[in-house]
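Visitor: With the sequence up front, the predicted model follows.
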Amino acid sequence: MKTVDISEATRSLGDYARRVSREPVIVTARGKPVAALVSVKGVDWETVQVSMHPKFLAIIERSRRRHKAEGGISSEEMRRRLKRAR
């Protein structure tokens, strides 16, 4: 994963966009991530829109908080259970 501080991001957006086919580019400000350029090759437009929608992101965040507070099962355990149920 390539990390570049926003103050040092002097290349064109096109240059960074071409790079994401090899690895994500994380843009930071004072060492904290502020943006990510990632490849969406093979992903349909609707999936990109939904995954970045504020309501969807709020649902994910609410789920994470609930999991942290109440516990739950890991994604690995869920995959194991789903495989066994087939």
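Guide: Received, thanks. Numbers count the residues shown, from 1 in each chain.

Visitor: per the record, what domains does the chain have?
Guide: Split into domains by automatic domain parsing, the chain comes to 1-39, 42-86.

Visitor: deepest of the ones you listed, which one?
Guide: Highest mean neighbour count of those: domain 1-39, a mean of 12 (counted as mean count of other Cβ atoms under 10 Å). (C-beta placed from N, C-alpha, C; glycine too.)

Visitor: about what we covered before: I'd like the domains of the chain as CSV, with mean pLDDT appended.
Guide: Conversion of these to CSV gives the following (pLDDT from 0 to 100):
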stretch, mean pLDDT
domain 1-39, 92
domain 42-86, 91
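
Visitor: Quick check: the gap between the nearest residue to K2 once chain neighbours are set aside and R81.
Guide: Excluding its sequence neighbours, the residue lying closest to K2 (Cβ to Cβ, 6 or more residues apart in numbering) is V25, at 4.7 Å. Distance of V25 to R81, computed by Cβ to Cβ, to the nearest Å: 36 Å.

Visitor: and what of T28?
Guide: Taken as Cβ to Cβ, the span from T28 to R81 is 38 Å.

Visitor: ok, now T3?
Guide: Applying Cβ to Cβ to T3 and R81 gives a distance of 36 Å.
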